[in-house]
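*Asks:* following is a predicted model, sequence given first.
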Amino acid sequence: MAVRRRLSAFQRRAFLREMAKERLDLLVIGGGITGAGIALDAAARGLRVGLVEKWDFAAGTSGRSTKLIHGGLRYLKQGEIHLVREVGRERAILYRNAPHVVVPERMLLPILRGGSLGRGMTAFGLWLYDRLADVQPAERRVMLSRAETLTAEPLLSPERLIGGGLYYEYRTDDARLTIEVVKTAAALGALCVNRAEAVALLYDAGRIRGAVVLDRESGEEHTVTARQVVNAAGPWVDELRRMDRSLDDRRLHLTKGVHVVVPRSRLPLRQSVYFDVEDGRMVFAIPRDAVTYIGTTDTDYDGPLDQPPVLLEDVRYLLRAANHMFSGVHLTPGDVCSGWAGLRPLIHEEGRSPSELSRKDEIFLSPTGLISIAGGKLTAYRKMAERAVDVVMRRLAETEGRPWRPSRTADIPLSGGERGKAETLAEMRALRVPAPADAGDARVMEDRIRRLYRRYGCNAPAIWADAMRQAERTEEVDEKLLEAEFRYGVEEEMVCNPCDFLVRRTGALHFEPDQAHERFRRVLSRATAWFGWDEARVAREVEAWEAQRQAAAGFTTLPSQGRGRP
């Protein structure tokens, strides 16, 4: 029987020592959505699993996407019917298993004179998309006239507009989705540790048998042995394949995607919009609470992997696209309050531009036995994980006679998704709260409850109860709620520092930039006390936070890393 584990930052060293103490069935290297999905799938099949991530969970590509669980409408244009069908069905599974972080989002597709899709092709494409993706009848596409399109979104420039199509995608918080998957894997017994880097691979008679893992917090090294090793390191997949001496002509092709964030008051859209850009690409503009974000670019990339930069040319490209589509907004770089750049670890295809590369995943099998997986989409992570673990199960059956067990993850609710929204909100409303001064305070309290649910699902009542126990007056609720969220992050989501919390667990850096720095000061004070940090460590945390702020809003004018259109 697997031991149910809490993903506590205070258990990191114990988890690493436990990994090293007894041979694992599977060691997963990489704590993005793919690695997390593999750990969950394998643990659910009864394997003894360890996962190591050199930075934080979702610190790479999995926390820097467009934050959509979408069927990939544009892939119909590339003829990738199977991909559209698979991710459409996966979207429905994700919505069922994690309704708090996968939310239906109405999307408007304007049809432009001279655009990439005419009215007839758009209608057919959306109809086919509905069927391939198994879209529910209530969410199927509706075609709009020009006047209806302008009523749906008055900001659209009317000059070239001839109509539109309304359809549904699903918005997510990619980093939170990843941590919910990791928590679910841990609850099934997987040993998952962030800030733990595989610095060397171990071999026996030419076959991979594990890794030397460096704890980047303590400096300790651990020898972790495993019957099978999966490389799910995202943009770093080829670095591990090079370490394994198995890198060949089949390799990654990294492309960079940039998103920028502006105040919603500067781009007050009524719903998300997916629109044509003059160079033939398409871009999303997505409202989220008090901001709207715009993206993405798609350019070749060959620069540093850890922190790909948001270039001023990327910002100008996206703002130019938005200004061309939406009348009267006149966005400038000065309006941008945040932004992020992520790397897509796609499979190289000679002669293809970044936007032409397939988003299909691929598994590379090394002569040493290393299993590497790359490519794919956020939406399809579960099927990617299933395919990778199928390889592991076949090998264990061949070498040790292990019984075959199929994947069970389609029917496993993710952490926070075990109970419904109505039941969870009712539980939170029933808890004692400081008496509101007026109806305005009551509305604010309800907004806090709903925001907490969207972030943590049915785990939210425990955080809310913790905050309400501490808050004596209405004015104290925000402070006590921040403290309760941070405490939950440390004890249940392996938050090791303020950046983990403010960048990935809550998204405050990008989506609440005005409040993020003040929250950093308060969280840093708590972390210093809880972790027992000295002055040198506090100074490093301040430096790390300032680096994150600079990366989010300090756009550089360096030459582009690579080639291709922004």
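*Replies:* Here it is on my side, so go on.
*Asks:* got the contact list for the residue nearest to Val3 when sequence neighbours are not counted?
*Replies:* Counting by C-beta to C-beta, 6 or more residues apart in numbering, Val3 lies nearest to Gly189, which is 5.4 Å off, once chain neighbours are set aside. For glycine as for every other residue, the C-beta is placed from the backbone atoms N, C-alpha and C. Applying C-beta atoms under 8 Å, 6 or more residues apart in numbering, one finds that Gly189 lies in contact with Ala2, Val3, Arg4, Arg5, Ala43, Arg48, Val49.
*Asks:* what about Gly189, distance to Asp335?
*Replies:* Distance, Gly189 to Asp335, using C-beta to C-beta, to the nearest Å: 48 Å.
*Asks:* let me know the pLDDT of Ala430.
*Replies:* In this model, Ala430 is scored at 88, pLDDT.
*Asks:* show me what contacts His70?
*Replies:* His70 neighbours (C-beta under 8 Å, 6+ apart): Val87, Arg91, Glu169, Tyr170, Thr379.
*Asks:* could you say what helices and strands the helix or strand the first one falls within packs with?
*Replies:* It stands for Val87. Taking DSSP states H and E as the definition, Val87 sits inside helix 81-97. Counting contacts by 3 or more C-beta pairs under 8 Å, 6 or more residues apart in numbering; DSSP states H and E, helix 81-97 packs against strand 68-69, strand 102-112, helix 119-132, strand 161-172, helix 381-400.
*Asks:* in it, what counts as buried?
*Replies:* 83-95, 97 (16 or more other C-beta atoms under 10 Å).
*Asks:* need the contact list for Lys256.
*Replies:* Contacts of Lys256 were listed using C-beta under 8 Å, 6+ apart, and they are Thr297, Asp298, Thr299, Asp300, Tyr301, Pro308, Ala341, Gly342, Leu343, Arg344, Gln561, Gly562.
*Asks:* could I get the phi/psi values of it?
*Replies:* Per-residue torsions, Lys256: phi -110, psi 140 (degrees, to the nearest 10).
*Asks:* excluding chain neighbours, what is closest to it?
*Replies:* Nearest to Lys256 is Tyr301, by C-beta to C-beta, 6+ apart, at 4.1 Å.
*Asks:* do I have it right that Ser246 meets Leu370?
*Replies:* Yes. Shown here, Ser246 and Leu370 form a contact pair, counting by C-beta atoms under 8 Å, at 6.3 Å.
*Asks:* looking at those two, which is more packed in?
*Replies:* Shown here are Ser246 and Leu370; by other C-beta atoms under 10 Å, Leu370 has more neighbours (23 against 19).
*Asks:* and the residue nearest the centre of the chain?
*Replies:* Centroid check for the chain by C-alpha atoms, centre = their mean gives Asp174 as the closest residue, at 2.2 Å.
*Asks:* mind checking how far that one is from Arg402?
*Replies:* Distance from Asp174 to Arg402, by C-beta to C-beta: 33 Å.
*Asks:* got any ranges where the stretch 201-350 of the chain has weak pLDDT?
*Replies:* Residue ranges of the stretch 201-350 of the chain with pLDDT under 70: 349-350.
*Asks:* the strands in it, which residues?
*Replies:* For the stretch 201-350 of the chain, applying DSSP state E, counting those that start in this stretch gives strands covering 207-215, 221-231, 252-263, 272-276, 282-288, 291-295, 299-300, 338-347.
*Asks:* for those, which one sits closest to Ile38?
*Replies:* Minimum separation from Ile38 across the strands of the stretch 201-350 of the chain (C-beta to C-beta) falls at strand 221-231, 5.7 Å.
*Asks:* mind listing the strands the closest one pairs with, and their directions?
*Replies:* In the sheet, strand 221-231 lines up against strand 24-29 (parallel), strand 207-215 (antiparallel), strand 371-375 (parallel) (DSSP bridges).
*Asks:* and among those strands, the most buried is which?
*Replies:* Sort the strands paired with strand 221-231 by mean neighbour count, taking mean count of other C-beta atoms under 10 Å, and strand 24-29 sits at the top with a mean of 27.
*Asks:* before we move on, the earlier item: looking at the contacts of Lys256, which is nearest Phe520?
*Replies:* Ala341 (21.2 Å).
*Asks:* coming back round to it: neighbour-wise, which one of the contacts of Lys256 leads?
*Replies:* Thr297 leads the contacts of Lys256 on contacts (other C-beta under 10 Å) with 27 neighbours.
*Asks:* shouldn't that residue be in contact with Arg316?
*Replies:* No. Using C-beta under 8 Å, Thr297 makes no contact with Arg316, being 10.6 Å away.
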